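Trainee: Here is a sequence with its predicted model. Questions after.
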Amino acid sequence: MNDMDGSAFASHVARLFFDRQMTKVEIAARLGISRYRVARLVDQALAQGLVRIEFRDVPEQDREVAAAIEETWRIDLCAVANVDAADDPIRALARLAASIVDDLIVGGSVMGIAWGSTLAAVARELARRDDPSLTVVQLAGSSTRVEPERASGELARRVADRLGARYVPLFAPAFVKSTALRDALLREPEIAAAVELWSKLDLAIVGIGSMPKSGDPSAARSSLLQSGVLSPADLAAIRAAGACGDLVLYPFDVSGSFVAHEIAERSIAIPLELLGPVPRVVAVAGGAEKSDAIRGALETGMIDVLITDSAAAHAVARDSGLRPRRRPGRATNRPANRANRSA
């Protein structure tokens, strides 16, 4: 085959590669040239601007601060919705989270979901599927005091409906009066069916609750505190322990240590020793007021993927002394907490 000249030939090869999705070997055979020359021509097309690769985020993302958080806490992914100009910041965060979660769900997966208003928004934005090979299970018990839309049972059921998945409910309260009662409930067959799936999870979706500095539960951005499932004595114990946030039903402080163990031991929720090994633990939380809680959650080492918004991410970066830049190097001033996920 007669060769074409310069840019025209590079453009033709690039079209076959990017537009027609032909392999370099297939293009080489079709045009009678070596696959190494095909590779050089593709590179030439990119260098000359004959082909432009453009990543379009919906919503727009703040990638610099996301990269700084990824490197500092050594997580697999941080995605930051740029909500500065968003009409509905919560929906913008939920849409980004839903798009990422959708990519993480594969056929045959067992998916667990916690509770909360942010996760309820994510559930509304999930793309619909019809995949009965998927299983959705609650990560924690519920309470009649929680608004139905963000209660764990209803939220897990709605996610299963959107995915066409099998739903396995957890017919249990979030907290009980004693560890003996909790242990007895976990042995009940209808509860045990859900609990058995906790060790088989491929994906866990959790929120990050934020504790109020004032001590007033109504000021909290935490479903755990707002639900009213804890007694005044329990709330006082959590405050005294220095908790800044909670994951699922477990309070933690800003250093990433889980606290108030005597309260956690009365909870019906996935144990930390099972949450830690889940291949993908995705945390979704936004708002500058959650900065301490998000930092503490990252320090626990439990999180693989953080999906947040620009207000929260920049607050986390500021409070942690991070300096987002275009090509951040790997930070060395923080421990790799991921090795201690089950602590």
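Mentor: Received it, and whenever you're ready, just let me know what you need. Just so it is clear, the model here is predicted, and its values are computed rather than measured.

Trainee: For the top helix by length along the chain, give the mean pLDDT please.
Mentor: The longest helix of the chain (DSSP state H) is helix 89-104. Helix 89-104 carries an average pLDDT of 92.

Trainee: Distance from the chain centre to that helix, please.
Mentor: Computed by C-alpha atoms, centre = their mean, to the nearest Å, the chain-centroid distance of helix 89-104 equals 9 Å.

Trainee: helices and strands around it, which ones?
Mentor: strand 77-81, helix 117-125, strand 203-210, strand 280-284, strand 305-309 (3 or more C-beta pairs under 8 Å, 6 or more residues apart in numbering; DSSP states H and E). C-betas here are computed from N, CA, C, even on glycine.

Trainee: Mind jotting down where the strands sit in this protein?
Mentor: 77-81, 110-113, 135-138, 166-168, 203-210, 245-247, 250-252, 280-284, 305-309 (DSSP state E).

Trainee: closest to Leu274 out of the helices and strands packed on helix 89-104?
Mentor: The minimum distance between Leu274 and these falls on strand 203-210, with 9.4 Å, by C-beta to C-beta.

Trainee: CA atoms only for the closest one - export them in CSV, please.
Mentor: In CSV, the C-alpha atoms belonging to strand 203-210 read as follows (Å, rounded to 0.1, in the frame of the first residue of the first chain):
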residue,chain,number,x,y,z
LEU,A,203,-18.4,-3.4,48.5
ALA,A,204,-19.5,-1.4,51.5
ILE,A,205,-21.0,2.1,51.2
VAL,A,206,-20.9,4.2,54.4
GLY,A,207,-21.5,7.7,55.4
ILE,A,208,-19.4,9.7,57.9
GLY,A,209,-21.2,11.3,60.8
SER,A,210,-19.9,14.5,62.4
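
Trainee: Report the inter-axis angle for that strand versus helix 89-104.
Mentor: Strand 203-210 and helix 89-104 are oriented at 160 degrees to each other (axes from the mean of the first three to the mean of the last three C-alpha atoms, to 10 degrees).

Trainee: number of nearby residues for Asp161?
Mentor: 14 (other C-beta atoms under 10 Å).

Trainee: quick one, what contacts it?
Mentor: Shown here is Asp161, whose contacts under the criterion C-beta atoms under 8 Å, 6 or more residues apart in numbering are Tyr167.

Trainee: Could you dump the strands of the chain into TSV and include mean neighbour count, mean pLDDT and distance to Arg128?
Mentor: Converted to TSV, those look like this (neighbours: other C-beta atoms under 10 Å; pLDDT from 0 to 100; distance: least, C-beta to C-beta, whole Å):
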stretch	mean neighbour count	mean pLDDT	distance to Arg128
strand 77-81	25	94	22
strand 110-113	26	97	15
strand 135-138	26	97	14
strand 166-168	17	96	15
strand 203-210	27	95	17
strand 245-247	28	93	28
strand 250-252	27	94	32
strand 280-284	24	97	19
strand 305-309	27	96	20
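
Trainee: Let's have the ones you listed in a markdown table, adding distance to Arg129.
Mentor: As requested, those are arranged in a markdown table below (distance: least, C-beta to C-beta, whole Å):
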| stretch | distance to Arg129 |
| --- | --- |
| strand 77-81 | 21 |
| strand 110-113 | 12 |
| strand 135-138 | 11 |
| strand 166-168 | 12 |
| strand 203-210 | 14 |
| strand 245-247 | 27 |
| strand 250-252 | 30 |
| strand 280-284 | 17 |
| strand 305-309 | 20 |
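
Trainee: quick one: the closest residue to Arg63 other than its chain neighbours from Ile294, how far?
Mentor: Closest residue to Arg63 apart from its sequence neighbours, by C-beta to C-beta, 6 or more residues apart in numbering: Val80 at 7.4 Å. Relative to Ile294, Val80 is positioned 11 Å away (C-beta to C-beta, to the nearest Å).

Trainee: Report pLDDT for the residue nearest to Ala315 when sequence neighbours are not counted.
Mentor: Nearest residue to Ala315, sequence neighbours excluded (C-beta to C-beta, 6+ apart): Ser291, at 3.7 Å. Per-residue pLDDT puts Ser291 at 94.

Trainee: Over to the one 4 residues further on?
Mentor: pLDDT recorded at Arg295 is 96.

Trainee: hang on, isn't it packed against Ser255?
Mentor: No: the pair Arg295 / Ser255 is not scored as a contact, 9.2 Å apart, by C-beta atoms under 8 Å.

Trainee: who's more crowded, these two?
Mentor: Per other C-beta under 10 Å, whichever of Arg295 and Ser255 has more neighbours is Arg295, with 24 against 13.

Trainee: Excluding chain neighbours, what is closest to the more buried one?
Mentor: Closest residue in space to Arg295, ignoring its immediate chain neighbours: Val316 at 5.5 Å, by C-beta to C-beta, 6+ apart.
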